[in-house]
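Peer 1: Sharing a model that was predicted from the sequence below.
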Amino acid sequence: MGVLTRIYWMRLLLGMLAGFICALYNVFVEPAVIGNISVFTTGLMFAILIYLLSYYAFKSAYFTKVEKPTKLMTTGIGIYFISWIVFWTFFWTIFYATILA
């Protein structure tokens with residue numbers, strides 16, 4: 001498996017992790033009020049922070065192993081944010097349903 005393929009799949013897993021963290025935060029730490037935009041912006045900041053941390057981690061590990069260093073930033077960006085929003089919604093629904101039950 002190539003370097004960029006590994007980065008792609010790691011970004012998918014990190015998107016899942018970011019969604020899980022956002023759901024935990026929104027349900028247990030700071031309960032979400034439906035319709036409040038700060039809920040989304042807080043989650044977005046968590047997602048961007050995790051993405052940037054992954055970029056610097058991948059940059060330090062794989063900088064010399066890719067032909068274009070900009071590929072480290074752009075590889076997997078779409079799957080990261082799509083998996084983040086899908087799994088944030090998924091985990092939020094599960095956590096919120098357990099509270100209501």
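Peer 2: Sure thing, it's come through.
Peer 1: and residue 76, how many residues sit next to it?
Peer 2: Neighbourhood size, residue 76 [other CB atoms under 10 Å]: 26. Glycine gets a C-beta too; all of them are placed from N, C-alpha and C.
Peer 1: Over to residue 25?
Peer 2: The number of residues packed near residue 25 is 18, by other CB under 10 Å.
Peer 1: now residue 11
Peer 2: A count of nearby residues for residue 11, using other CB under 10 Å, gives 25.
Peer 1: With residue 72 instead?
Peer 2: Residues near residue 72, counting by other CB under 10 Å, number 23.
Peer 1: Okay, and it sits in which element?
Peer 2: In this assignment (DSSP states H and E), residue 72 forms part of helix 71-74.
Peer 1: Any buried residues in that helix, and which?
Peer 2: Residues of helix 71-74 classed as buried: residue 72 (neighbour count, 16 or more other CB atoms under 10 Å).
Peer 1: neighbouring contacts of it?
Peer 2: Helix 71-74 is touched from outside by 4, 7, 55, 58, 59, 62, 63, 66, with contacts defined as CB atoms under 8 Å, 6 or more residues apart in numbering.
Peer 1: between those, which is closest to residue 86?
Peer 2: Nearest to residue 86 among the contacts of helix 71-74 is residue 7, at 19.7 Å by CB to CB.
Peer 1: Contact partners for that closest one?
Peer 2: Here residue 7 is in contact with 58, 62, 72, 75, 76 (CB under 8 Å, 6+ apart).
Peer 1: farthest-separated two in those?
Peer 2: 62 and 76 (12.5 Å).
Peer 1: ok, back up a step: got JSON lines for the contacts of residue 7, with distance to residue 89 and pLDDT too?
Peer 2: Shown next, in JSON lines, are the contacts of residue 7 (distance: CB to CB, whole Å; pLDDT from 0 to 100):
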{"residue": "58", "distance to residue 89": "26", "pLDDT": "95"}
{"residue": "62", "distance to residue 89": "31", "pLDDT": "92"}
{"residue": "72", "distance to residue 89": "28", "pLDDT": "92"}
{"residue": "75", "distance to residue 89": "24", "pLDDT": "95"}
{"residue": "76", "distance to residue 89": "20", "pLDDT": "96"}
